[in-house]
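A.B. asks: The following comprises the amino acid sequence and a computationally predicted model.
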Amino acid sequence: MVTRNRILANRRNARKSTGPKTPQGKTASSRNAVKHGLYSRRDALAAGRRDDFFHTLAKLSAELNPRGLAEELCLLETAEALSDMRRAEQADLEIWRAGQAPSRFADLARVAARYSAAQSRFHRALRQWGQLRHPD
């Protein structure tokens with residue numbers, strides 16, 4: 001059974017622990033549980049990655065010259081898959097560079113699965129692209 005003194009002490013301590021006050025602190029604490037960010041939509045187009053994504057999209061658009069909405073959607077899927085593949089590669093490198101690979105085997109497995117899924121999406125998008133261009 002919890003004593004009255006323990007309850008009062010807990011309440012006093014709770015008043016001291018109110019969490020972050022500033023917007024920066026709130027933003028930082030909102031990411032406390034993030035391990036690699038691979039599944040996060042917020043991270044998908046973070047500042048540095050946004051530039052890379054749009055650069056890739058522009059290069060693919062110039063190279064493939066999409067005609068119509070279906071080809072544009074296929075192009076977008078291709079660029080998103082490439083972006084996800086790059087994010088997975090980056091997450092993998094960060095784990096290895098930090099020297100944490102042995103203790104983070106489950107994270108490495110998730111990264112590998114994410115890369116594989118993105119790679120499958122990439123190849124599916126390319127097949128769809130081919131079917132749109134050559135509907136034999």
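C.D. replies: Arrived safely, thanks for sending.

A.B. asks: show me where pLDDT drops low in this protein?
C.D. replies: Scanning the chain for pLDDT under 70 picks out the ranges 17, 28-48.

A.B. asks: Strands of that one, start to end?
C.D. replies: Applying DSSP state E to the chain gives no strands.

A.B. asks: For it, which segments count as helices?
C.D. replies: According to DSSP state H, the chain carries its helices in the segments 4-16, 23-30, 41-44, 47-64, 69-97, 105-133.

A.B. asks: now, of those helices, which is deepest in the fold?
C.D. replies: Most buried of those by mean neighbour count (mean count of other C-beta atoms under 10 Å) is helix 69-97; its value is a mean of 17. C-betas here are computed from N, CA, C, even on glycine.

A.B. asks: now for it, which elements pack on it?
C.D. replies: helix 41-44, helix 47-64, helix 105-133 (3 or more C-beta pairs under 8 Å, 6 or more residues apart in numbering; DSSP states H and E).

A.B. asks: angle of that helix against helix 47-64?
C.D. replies: Between helix 69-97 and helix 47-64, the angle comes out at 140 degrees (axes from the mean of the first three to the mean of the last three C-alpha atoms, to 10 degrees).

A.B. asks: Could you check how far helix 69-97 is from the centre of its chain?
C.D. replies: Remark: helix 69-97 is offset 9 Å from the chain centroid, using C-alpha atoms, centre = their mean, to the nearest Å.

A.B. asks: Report the inter-axis angle for it versus helix 105-133.
C.D. replies: 160 degrees.

A.B. asks: returning to what we had before: pipe the helices and strands packed on helix 69-97 into JSON lines and attach distance to S83 per row.
C.D. replies: Below are those laid out as JSON lines (distance: least, C-beta to C-beta, whole Å):
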{"stretch": "helix 41-44", "distance to S83": "7"}
{"stretch": "helix 47-64", "distance to S83": "5"}
{"stretch": "helix 105-133", "distance to S83": "8"}
